[in-house]
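Engineer: just a sequence and a predicted model for now, questions to come.
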Amino acid sequence: MTHSYLNEDRWTSIPFIEQMANISSEVGRTTKWVLKAKPTMAENAFIRALELIDLTIKYGRINSPLRSTMLKELCKVRELFCGAYEISDTSTLTLIDKYFEHFAIAQRDKQH
């Protein structure tokens, strides 16, 4: 695990919007490195993004009545992200980056 400091207790202590904002950072890096044709950098960011997505799928909103909706959406985004990364579909990666970017903006605005 690249994010060795993260575990169930740590990840569940982070609000959902912040979890998604953290995912946004790695998805953005993945997209940037794919666009710049830097495969090693892209792969490292992709692996980190998947770790965070998988932690969120496993532990995110665990006690929320909206968990099933979140799971469906996040699992679908994960599937699209993996497929787009695999074939270097920059259009889809850019759209996924924009999807997650909304969470990063919301998290930023929440802090100010």
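Structural biologist: Sure, I can see it.

Engineer: so how far is residue 37 from the closest residue to residue 62 other than its chain neighbours?
Structural biologist: Nearest non-adjacent residue to residue 62, counting by Cβ to Cβ, 6 or more residues apart in numbering: residue 12, 6.3 Å away. For every residue, glycine as well, the C-beta is placed using N, CA and C. Per Cβ to Cβ, to the nearest Å, residue 12 is found 37 Å from residue 37.

Engineer: looking at the two now, which is surrounded by more residues?
Structural biologist: Taking other Cβ atoms under 10 Å, residue 12 and residue 37 do not tie; residue 12 has more neighbours (18 against 9).

Engineer: quick check, that one in contact with residue 59.
Structural biologist: Yes - contact criterion Cβ atoms under 8 Å: residue 12 and residue 59 qualify, at 4.9 Å.

Engineer: sec struct for the residue nearest the centre of the chain, please.
Structural biologist: The centroid of the chain falls nearest to residue 23 when counting by Cα atoms, centre = their mean (2.8 Å). Assigned with DSSP: H, G, I helix; E, B strand; the rest coil, residue 23 falls in the helix class.
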